[in-house]
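1. Sharing a sequence plus its predicted fold:
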Amino acid sequence: MRKMVLAMLLVFLTAVVSFAQTPVAINGAGATFPQPVYAKWAHKYAELTKNRINYQGIGSGGGIAQIKAKTVDFGGTDEPLKAVDLESLGVFQFPTVMGGVVPVLNVKGMEAGRLALDGPTLANIFLGKITKWNDAEIKKLNPDLKLPDKDITVVHRSDGSGTTFIFTSYLSTVSPKWKEQVGTGKAVKWPAKNSVGAKGNPGVAGQVQNIDGAIGYVEFAYAHQNKIPYARLKNKAGVLVAPNLESFQAAAANADWKKAPPGFSLLLIDQPGKGSWPIVGLTWILIYKDQPDAVKGKAILKFFDWCFKHGGDMAKELHYVTLPAAVVEVVEAAWAKEIKAAGKSLWP
């Protein structure tokens with residue numbers, strides 16, 4: 001009898017352990033801005049837990065559309081949803097990392113960081129008012145550079161893009177003409193006649209590399225990984241800064257996190273500080289408040305908790321900035337209140 005009881009107990013414990021270790025597959029889609037770091041995190045997390053986080057970079061517009069259609073477990077966006085939209089969709093929104101959006105270019109002989117631009121000049125290039133690389137406005141900012149008499153081709157996103165939202169938010173901040181004529185959004189009507197559209201950050205990076213005289217905008221990881229030359233920018237303090245981890249961190253440190261609206265929708269555009277890169281954006285995750293699958297819901301939160309606490313070095317390798325610890329505490333406290341399955345909290 002004792003042997004039988006022990007055998008049954010062993011079978012039970014084996015079943016419990018097997019259940020606990022059953023791998024979970026989670027599907028997400030959305031912004032291409034954070035795709036490099038999400039892919040790196042997911043790969044390492046799968047090695048440690050066997051749980052698969054499948055994230056498809058289809059643009060912020062696609063991520064929002066799929067979360068609305070309930071075809072993914074979570075969505076990704078670089079343009080935060082407003083409180084009223086979050087409420088109507090039954091979705092909770094939280095930030096993960098920050099990164100810089102940078103102007104990238106393909107001008108023969110131009111190395112990374114050599115070209116200097118300011119906000120109004122960059123806006124005039126994308127407005128189509130500056131059409132040559134040796135234009136007087138660019139020359140004024142670069143008196144020591146030999147600029148070619150070469151046509152400028154503007155490369156922009158063709159899909160609904162959070163990176164576009166970040167970039168156009170900056171142009172609207174520094175250029176009244178841009179704000180009046182084009183404005184801010186995931187998708188805008190690009191006014192420059194000599195312009196080319198491309199899908200995703202990878203698409204813009206590829207087009208810039210392929211077109212002599214091109215200029216575009218991408219998340220810095222794409223410029224860094226593909227060795228695409230980028231421009232320095234004059235920031236709010238009037239200082240020319242290069243895009244790098246330190247200048248992104250400076251922008252994050254100078255932001256007023258206490259004023260973040262509902263959904264943590266803080267914009268880090270044109271922050272004060274001599275060392276701040278002026279085009280820094282947060283990226284957000286969208287998940288259902290009422291999780292249809294408690295196991296998956298818990299697994300999503302455990303993954304991003306692991307990213308917050310153990311993914312910092314991997315993020316830095318790709319020049320992303322992780323959230324301050326105090327912000328992570330607030331985010332996870334909100335998880336405990338907001339994310340539920342069958343009426344029960346899934347966190348911690």
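-> Alright, I've got the coordinates. Predicted model, so just to flag it, every value in this text is computed and none were measured. Numbers count the residues shown, from 1 in each chain.
2. rest of the way, CA atoms for contacts and neighbours
-> Fine.
3. Buried residues of stretch 285-303, list them for me.
-> Within stretch 285-303, the residues that count as buried by 16 or more other CA atoms under 10 Å are 285-291, 294, 296-301, 303.
4. Sitting in helices, which of those residues do you find?
-> Secondary structure from DSSP state H places 294, 296, 297, 298, 299, 300, 301, 303 of those in helices.
5. Kindly reformat the residues you listed as TSV containing pLDDT and distance to residue 169.
-> Listed next are those as TSV, based on pLDDT from 0 to 100; distance: CA to CA, whole Å:
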residue	pLDDT	distance to residue 169
294	96	37
296	96	35
297	97	33
298	97	34
299	97	34
300	98	30
301	98	30
303	98	31
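6. Let me know the closest of those to residue 329.
-> Using CA to CA, residue 301 comes nearest to residue 329 of these, at 13.2 Å.
7. before we move on, which element is the closest residue to the closest one other than its chain neighbours in?
-> Distance criterion CA to CA, 6 or more residues apart in numbering; nearest residue to residue 301, sequence neighbours excluded, is residue 347 at 7.6 Å. Assessed by DSSP states H and E, residue 347 sits outside every helix and strand.
8. before we move on, what about residue 28?
-> Element membership for residue 28, per DSSP H and E: strand 25-30.
9. Residue 283 now?
-> Using DSSP H and E, residue 283 sits within strand 279-288.
10. show me the contacts for residue 45.
-> Contact analysis of residue 45 by CA atoms under 8 Å, 6 or more residues apart in numbering lists 51, 52, 303.
11. Model confidence score at it, please.
-> As predicted, residue 45 sits at a pLDDT of 98.
12. cool, residue 9 as well?
-> The model's pLDDT for residue 9 equals 47.
13. quick one on the thing from earlier: and the contacts of the strand holding residue 283?
-> Contacts of strand 279-288 (CA under 8 Å, 6+ apart): 31, 33-34, 64, 67, 73-80, 90-102, 166-167, 170, 248, 251-252, 266-270, 339.
14. With distance to residue 228 as added columns, please give the contacts of residue 45 in JSON lines.
-> Putting those into JSON lines (distance: CA to CA, whole Å) gives the following:
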{"residue": "51", "distance to residue 228": "34"}
{"residue": "52", "distance to residue 228": "31"}
{"residue": "303", "distance to residue 228": "32"}
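15. Closest one to residue 58 out of those, please.
-> Here the nearest of the contacts of residue 45 to residue 58, counting by CA to CA, is residue 52; it sits at 18.6 Å.
16. what number of residues lie near the closest residue to that closest one other than its chain neighbours?
-> Beyond its immediate neighbours in the sequence, the residue positioned closest to residue 52 (CA to CA, 6+ apart) is residue 25, lying 4.7 Å away. Close neighbours of residue 25, defined as other CA atoms under 10 Å, add up to 15.
17. ok, residue 25 - contacts?
-> By CA under 8 Å, 6+ apart, the contact set of residue 25 is 51, 52, 53, 54, 296.
18. Quickly check the residues you listed for the two that are furthest apart.
-> Among the contacts of residue 25, 54 and 296 lie farthest apart (CA to CA), at 12.8 Å.
19. Identify the contacts common to these two.
-> What both residue 54 and residue 296 touch, as defined by CA under 8 Å, 6+ apart, is the set 25, 26.
20. one step back: adding distance to residue 114 as columns, could you present the ones in helices among the buried residues of stretch 285-303 in JSON lines?
-> Formatted as JSON lines, these follow (distance: CA to CA, whole Å):
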{"residue": "294", "distance to residue 114": "52"}
{"residue": "296", "distance to residue 114": "48"}
{"residue": "297", "distance to residue 114": "47"}
{"residue": "298", "distance to residue 114": "47"}
{"residue": "299", "distance to residue 114": "45"}
{"residue": "300", "distance to residue 114": "42"}
{"residue": "301", "distance to residue 114": "43"}
{"residue": "303", "distance to residue 114": "40"}
